[in-house]
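Colleague: only the shape, not the letters, is given here:
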């Protein structure tokens, strides 16, 4: 084999290795960037895509809603669950029903009710007949303060709010004044995005 042929062969081998390294880099570099940004979200800047309020760090809701194989739409009722509260329940149900059927099964709804409040019989019956079903969880004011006290100054800030809880029990998104189709659609877009992107639940 001549020196020229040897040189050409080395160049060909180098090109082959370079192509393989490039292919590997194209696949692995975005993965490392994604993992880095996932664990260091403060490096991200600009407008985020979520329409609700992102709670960072998330609140641990496991003591009250547990862990599940589903995402949860969690509603926090105020007092006797009057007009605004009932609108919140209605529009949360509308958002749940608007999900694709296969995604609808990945989501459930929970309503947190203060245990010192007696809901009107009509409200109790209405909750029992909800479709898709909604789970009622009675919770004390002390427990509500344990759940929300690290993030909010008082419970008035979060009553009649809707929260999204992931299957691990992390309360990650908050929505206020979900009393219109527009607000329900904004929440629905976030839920669709979470379900599309998530491999859990």
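Modeller: Perfect, I can see it now. For clarity, every value in this text was computed on a predicted model and none was experimentally measured.
Colleague: and the contacts of stretch 144-154?
Modeller: 55, 59, 61, 63-64, 76, 112, 114, 139, 155, 157-158, 171 (Cβ atoms under 8 Å, 6 or more residues apart in numbering). C-betas here are computed from N, CA, C, even on glycine.
Colleague: tell me the buried residues in it?
Modeller: Judged by neighbour count using 16 or more other Cβ atoms under 10 Å, the buried positions of stretch 144-154 are 144, 147, 148, 152.
Colleague: for stretch 124-138, same thing?
Modeller: Neighbour-count burial for stretch 124-138, counted by 16+ other Cβ under 10 Å, picks out 126, 127, 130, 134.
Colleague: now swap in stretch 69-76 and tell me
Modeller: Neighbour-count burial for stretch 69-76 [16+ other Cβ under 10 Å]: 70, 71, 72, 73, 74, 75, 76.
Colleague: among those residues, which lie within helices?
Modeller: Using DSSP state H, no member of the buried residues of stretch 69-76 sits in helices.
Colleague: which one of the residues you listed is nearest residue 85?
Modeller: Nearest to residue 85 among those, counting by Cβ to Cβ, is residue 75 at 8.1 Å.
Colleague: just send the buried residues of stretch 144-154 back as a markdown table, with distance to residue 87 too.
Modeller: Below are the buried residues of stretch 144-154 laid out as a markdown table (distance: Cβ to Cβ, whole Å):
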| residue | distance to residue 87 |
| --- | --- |
| 144 | 21 |
| 147 | 23 |
| 148 | 21 |
| 152 | 21 |
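Colleague: what's the closest of the residues you listed to residue 85?
Modeller: Using Cβ to Cβ, those come closest to residue 85 at residue 144, 15.0 Å.
Colleague: what helix or strand is the residue most central in space within the chain on?
Modeller: For the chain, residue 164 is the residue whose C-alpha lies nearest the centre (Cα atoms, centre = their mean; 4.7 Å). Secondary structure from DSSP states H and E places residue 164 in strand 161-165.
Colleague: how distant is that strand from the center of its chain?
Modeller: Distance of strand 161-165 from the chain centroid (Cα atoms, centre = their mean, to the nearest Å) equals 8 Å.
Colleague: and after that strand, which helix or strand comes next?
Modeller: strand 170-175.
Colleague: show me the contacts for residue 110.
Modeller: By Cβ under 8 Å, 6+ apart, the contact list for residue 110 reads 65, 72, 73, 74, 75, 134, 135, 136, 137, 165.
Colleague: quick check: bridge partners of the closest residue to the last one other than its chain neighbours?
Modeller: Okay, so that is residue 165. Nearest residue to residue 165, sequence neighbours excluded (Cβ to Cβ, 6 or more residues apart in numbering): residue 72, at 4.1 Å. Residues in a beta bridge with residue 72, per DSSP bridges, are residue 108, residue 165.
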